[in-house]
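Asker: Here is a sequence with its predicted model. Questions after.
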Amino acid sequence: MALSLVAGYSYSLLGKGFSISNSLHNNNSHHARDATYIKRAAEIADSSSGFTSPHPNFGCVLVTPSGKVAGEGYLYAQGTRPAEVQAVEAAGPWSKGATAYLNMEPGDCHGDHTAASALVQAKVTRVVVGMRHPLKHLQGNAIRALRSEGLQVDVLGEDLQSKIIEEARKSCLVVNTPLIYRATSQVPFSFLKYAITADGKIAASSGHAAWITSKESRARVFELRGRSDAVIVGGNTVRRDNPRLTARHGGAHMPLRVVMTKSLDLPDEANLWDVSDVPTMVVTQRGARKSFQKILASKGVEVVEFDILNPRDVMEYFHDRGYLSIMWECGGRLAASAISDGVIHKVYAFLAPKIIGGTNAQSPVGELGMVEMTQAFDLLDVCYEQIGPDMLMSGSLQPIPDPTPIIPSENETLAIDPTVNPYEPSIIFFYKTWDPYGAFSNFSAHSIKMPEENGGNVTWSSVEHYYQASKFMGVSDSGAKDCIGKIKSAKSPEEAAKVGRSMQRLHPNLVRADWEDVKIDVMYSGLRCKFSSYPYLKSMLLATSGSVLVEASPHDLFWGGGREGEGLNYLGRLLMRLRSEFLGESSTSSESTCLAL
Ligand SMILES: NC(=O)C1=CN([C@@H]2O[C@H](COP(=O)(O)OP(=O)(O)OC[C@H]3O[C@@H](n4cnc5c(N)ncnc54)[C@H](OP(=O)(O)O)[C@@H]3O)[C@@H](O)[C@H]2O)C=CC1
Ligand SMILES: Nc1c(N[C@@H]2O[C@H](COP(=O)(O)O)[C@@H](O)[C@H]2O)[nH]c(=O)[nH]c1=O
């Protein structure tokens, strides 16, 4: 309305109305085109969700000046080839002069500018960015780098503004909602899923609930599980349903299965205690049934104790473990507690056309203490979808936080971390690759070239790939060679770790006999190679001089520092040893076991 008034005014008074309304029309059609391709970038960015974890979602669409899509790409997993590199390769010579549509600014960090460089080298002239990177230490870096190379960069909501652009921007926020939550709050993104009858029950009065919804709906539930880092139920659901909580729709990422129980009064035998394919964690109250904790530990189930067990503390702990997305599949009592604690952000309600009745039959959310309808939570951005005979209603309990800037100043982004004073001993924590010192993690995407026993050499995609494969090196068994091959071809460091750990657990006979004696040296040689091969990593390590380095893994008590500093922090120690070696302060032999890349 406002736009057409301005156009009309211009036409009659200035005699330039034709060109102005034309330019408005052009603007609208440009915006429509930009919005279409940004939405497409967001759509393909989502392609790997459910297949990898963690999963920040990046997509890139290259469009020629004549409006043809010349190439597309999406990031499969952290540490794999950036979407931009794939799109440029697919487009070949058509990249020149093209516009690149990115759902999110690439996370170019720690001196690694692969994604932005691919666009520059391919002579892309314009880049449209759906949203800035939500993590503050990465925000603006790639946009600034692209602009400094002379590319026109238009950011939705900043350089481009209209209703249609806002809709497209929303699709970018949606596709990376978990990452945005990570950037803006101390808890991961959580959604509550439940199945109800048409009269609002999640089970019969007896507690029986298998099944309320159809096969089709349950298949969708498997997909939702695959998109999550962890699935949570309460103790009662384990006692009542003996669930498996796996993503059984094929090829999916399997989330960690979590039981929240205060009493720890759980059965000795349960599907969740079979951890051969999928891990299980039990979170409980400190001191609860110590003898049963031992039984669980002997089965390979991780038990984590909390002083006072509540959803918020568990979610803060999961945030520290680096999880992005959590699915709550619990009954009404735990659901009410999680909602009251403010940790549930979205709801997926599967409604089946059945009536079970029963005054004692549970509903999906227990007591919230509300007494009037005016107090009810309104769901936002509600969607309805028919799935087989059922209906899926989804909606948000809280709006997606908007991470848009606060654009950091030049100095702010150039400094690695202004809070660190090199003259005073301080602690620098690192853990997930996306954190400010994330490049210190073994999961960072830095390949290393290491010598082999036979005189050749092998390039490993990350230190994690090399470390995991080393477990099986020198073992004269074809099974061990298979393990090495599988780890080498793992698409991401996370996958390499998963394969290496499960092979070690399932086939201990294939692990080299001296592994426990040599693993620290193996790790050190991998680290030395990594930090010697990338000068910016070496500088970054040297810049931490005077600070204590701690891998902030809350669960790895050997390589990491643990939840409360109880871990041995061997990774941090080795990095400090390496730093000393680089500084020439150490008498450690500097015999090189690393080859130039
Ligand atoms: N239709 C559906 O979608 C679903 C149906 N169900 C059905 O729901 C019923 C179970 O419901 P419900 O007992 O509510 O579910 P849950 O078992 O999922 O949750 C309650 C249990 O969670 C544990 N818990 C830990 N911390 C808390 C906390 N802070 N607040 C509340 N509970 C906590 C307790 O375990 P403990 O007692 O061990 O200490 C408690 O008994 C079953 O009949 C099951 O079949 C369950 C899931 C989904
Ligand atoms: N009854 C019910 C659900 N219940 C949920 O599914 C769990 C069982 O999962 P699994 O053992 O992996 O098949 C159960 O404990 C509860 O959390 N889910 C649904 O989609 N529809 C249903 O009708």
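Answerer: The structure has been received and is ready for your questions. Ligands and ions are numbered 1, 2, ... in the order given.

Asker: contacting residues around L583?
Answerer: With contacts defined as C-beta atoms under 8 Å, 6 or more residues apart in numbering, L583 is in contact with L542, S545. From N, CA and C alone the C-beta is placed, and that goes for glycine too.

Asker: and the gap between H345 and S337?
Answerer: Applying C-beta to C-beta, to the nearest Å, one obtains 15 Å for the distance of H345 from S337.

Asker: which stretches of this structure have low pLDDT?
Answerer: When the per-residue scores of the chain are filtered using pLDDT under 70, the ranges that remain are 1-26, 109-111, 404-425, 585-597.

Asker: who in it is up against ligand 2?
Answerer: 195, 209-213, 217-218, 221, 233, 237, 241, 243-246, 329, 350 (C-beta under 6 Å from any ligand atom).

Asker: So which of the residues you listed are in helices?
Answerer: Among those, the members falling in helices (DSSP state H) are S217, R218, V221, T237, D241.

Asker: Looking at those, spot the one nearest G157.
Answerer: Checking these against G157 with C-beta to C-beta, the nearest one is V221 at 34.0 Å.

Asker: And what about the closest residue to that closest one other than its chain neighbours, helix, strand or coil?
Answerer: Once its chain neighbours are removed from consideration, V221 has its nearest residue in K193; the separation is 6.5 Å (C-beta to C-beta, 6 or more residues apart in numbering). For K193, the secondary structure call by DSSP: H, G, I helix; E, B strand; the rest coil comes out as strand.

Asker: and K193, how many neighbours?
Answerer: Neighbour count of K193, defined by other C-beta atoms under 10 Å: 23.

Asker: give me every residue that touches G234.
Answerer: Under the criterion of C-beta under 8 Å, 6+ apart, the neighbours of G234 are V259, M260, T261, C330, G331, R333, L334.

Asker: Pick out the residue in the stretch 1-150 of the chain sitting closest to ligand 1.
Answerer: Among residues of the stretch 1-150 of the chain, the one nearest ligand 1 by C-beta to the nearest ligand atom turns out to be G50. It sits 20.0 Å away.

Asker: State the number of residues packed around that residue.
Answerer: 21.

Asker: Tell me who's in contact with it.
Answerer: Contacts for G50 were tallied using C-beta under 8 Å, 6+ apart; they are E223, G226, R227, A247, A252, H253.

Asker: Need the nearest residue in space to it, chain neighbours excluded.
Answerer: Spatially, and ignoring its direct neighbours in sequence, G50 is nearest to G226 (3.6 Å; C-beta to C-beta, 6+ apart).

Asker: Kindly report the same for H249.
Answerer: Setting aside the residues directly before and after it, H249 is nearest to F222 in space (C-beta to C-beta, 6+ apart), at 4.1 Å.

Asker: same thing with G200?
Answerer: Taking C-beta to C-beta, 6+ apart as the measure, G200 lies nearest to S363, with 5.3 Å between them; neighbours along the chain are not counted.

Asker: where's that neighbour relative to R239, distance?
Answerer: On the measure of C-beta to C-beta, S363 and R239 end up 19 Å apart.

Asker: again with V155
Answerer: 51 Å.

Asker: doesn't V153 make contact with R147?
Answerer: Yes - with contacts counted by C-beta atoms under 8 Å, R147 reaches V153, the gap being 5.3 Å.

Asker: So if I had to pick from these two, which one is more boxed in?
Answerer: Comparing R147 with V153 by other C-beta under 10 Å, the one with more neighbours is V153, at 22 against 13.

Asker: That one bridge partners, please.
Answerer: Beta bridges link V153 to V127, judged by DSSP bridges.

Asker: isn't it right next to G140, touching?
Answerer: No - under the criterion of C-beta under 8 Å, V153 lies out of contact with G140, with a separation of 10.5 Å.

Asker: in what helix or strand does the closest residue to A349 other than its chain neighbours lie?
Answerer: Nearest residue to A349, sequence neighbours excluded (C-beta to C-beta, 6+ apart): M393, at 4.8 Å. Assigned by DSSP states H and E, M393 belongs to strand 390-396.

Asker: can you pull out the strands in the stretch 451-597 of the chain?
Answerer: Using DSSP state E, counting those that start in this stretch, the strands found in the stretch 451-597 of the chain span residues 457-460, 547-551.

Asker: from those, which stretch is densest packed?
Answerer: Among the strands of the stretch 451-597 of the chain, the stretch with the highest mean neighbour count (mean count of other C-beta atoms under 10 Å) is strand 547-551, at a mean of 20.

Asker: what's the spacing between L379 and V347?
Answerer: L379 sits 6 Å away from V347, going by C-beta to C-beta.

Asker: shared neighbours, the two?
Answerer: By C-beta under 8 Å, 6+ apart, L379 and V347 have these common neighbours: G395, S396, L397.

Asker: residues in contact with stretch 200-220?
Answerer: Under the contact criterion C-beta under 8 Å, 6+ apart, stretch 200-220 has outside partners 194-197, 221, 240-241, 249, 331-332, 350, 352, 354, 356-364, 387-390, 392.

Asker: First-to-last residue distance for it?
Answerer: Across stretch 200-220, the straight-line distance between its terminal residues is 20 Å, by C-alpha to C-alpha, to the nearest Å.

Asker: Which positions in it come out as buried?
Answerer: Residues of stretch 200-220 classed as buried under the neighbour-count rule (16 or more other C-beta atoms under 10 Å) are K201, I202, A203, A204, G207, A209, I212, T213, S214, S217, R218, R220.

Asker: Confirm H55 sits in a helix?
Answerer: No - secondary structure assignment (three-state DSSP) places H55 in coil, not in a helix.

Asker: on that earlier part again, so between L379 and V347, which is more surrounded?
Answerer: Neighbour tally, L379 and V347, criterion other C-beta under 10 Å: the higher count belongs to V347, 22 against 15.

Asker: Against ligand 2, how distant is that one?
Answerer: As defined by C-beta to the nearest ligand atom, to the nearest Å, V347 lies at a distance of 14 Å from ligand 2.

Asker: Which secondary structure state is assigned to that residue?
Answerer: Going by three-state DSSP: V347 is strand.

Asker: which strand residues sit across from it in the sheet?
Answerer: When bridges are taken as DSSP bridges, the partners of V347 come out as L192, G395.

Asker: chain center to stretch 205-212, what's the gap?
Answerer: 34 Å (C-alpha atoms, centre = their mean, to the nearest Å).
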